[in-house]
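Enquirer: here is a sequence together with a model predicted from it:
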Amino acid sequence: MSVFVDATSSAVEHCEAMATLHADIAAEYRELSSLCSKKLWHQLTLKLLRFLSSVEFLRTTSEGTNSFLALYDKMVLAIDKKLNALHLARIASLVSDSLVQDDGD
């Protein structure tokens, strides 16, 4: 019997929880979840870049943390080996920018 743990399942769960928590951007989180569960890495990368580039999507999680950082921790780190290294660096840069903006408020 094989015990296989899909690393993307926690990412999908996180997106679903955020969609429930923030109904105004639920469609964005559902699209991220769908692309991740279908393992469409290129499309997911492009969607993440667009999503993280827009500060209008920045929220807090139920734990009170930065939503972009939580998305990075729960989704991007789960699939980082599947992503282009340059795109991964760009995603990390966008997340770090959101932390600076978060601290500045």
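Expert: On my side now, so go ahead. Treat the numbers as computed from the prediction; the structure is a model and nothing was measured.
Enquirer: next one: the most centrally placed residue in the chain, what pLDDT does it get?
Expert: Centroid check for the chain by C-alpha atoms, centre = their mean gives Leu71 as the closest residue, at 3.3 Å. pLDDT for Leu71: 97.
Enquirer: cool, and the one 4 residues further on?
Expert: Residue-level confidence at Met75 comes out at 95, pLDDT.
Enquirer: what's the answer for Ser2, then?
Expert: Reported pLDDT for Ser2: 51.
Enquirer: picking that back up, now do the residue nearest to the centre of the chain against Asp80, distance only.
Expert: 13 Å (C-beta to C-beta, to the nearest Å). Bear in mind the C-beta positions are built from the backbone N, C-alpha and C, glycine included.
Enquirer: so the nearest residue to Val76 once chain neighbours are set aside: helix, strand or coil?
Expert: In space, and not counting its chain neighbours, Val76 is closest to Ile91: 5.8 Å by C-beta to C-beta, 6 or more residues apart in numbering. What DSSP: H, G, I helix; E, B strand; the rest coil gives for Ile91 is helix.
Enquirer: contacting residues around Ile91?
Expert: Neighbouring residues of Ile91 by C-beta atoms under 8 Å, 6 or more residues apart in numbering: 45, 48-49, 52, 72, 76, 83.
Enquirer: now those as CSV including distance to Tyr29, secondary structure and neighbour count?
Expert: Converted to CSV, those look like this (distance: C-beta to C-beta, whole Å; DSSP: H, G, I helix; E, B strand; the rest coil; neighbours: other C-beta atoms under 10 Å):
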residue, distance to Tyr29, secondary structure, neighbour count
Thr45, 16, helix, 20
Leu48, 12, helix, 26
Leu49, 15, helix, 13
Leu52, 13, helix, 23
Tyr72, 14, helix, 20
Val76, 14, helix, 20
Leu83, 19, coil, 18
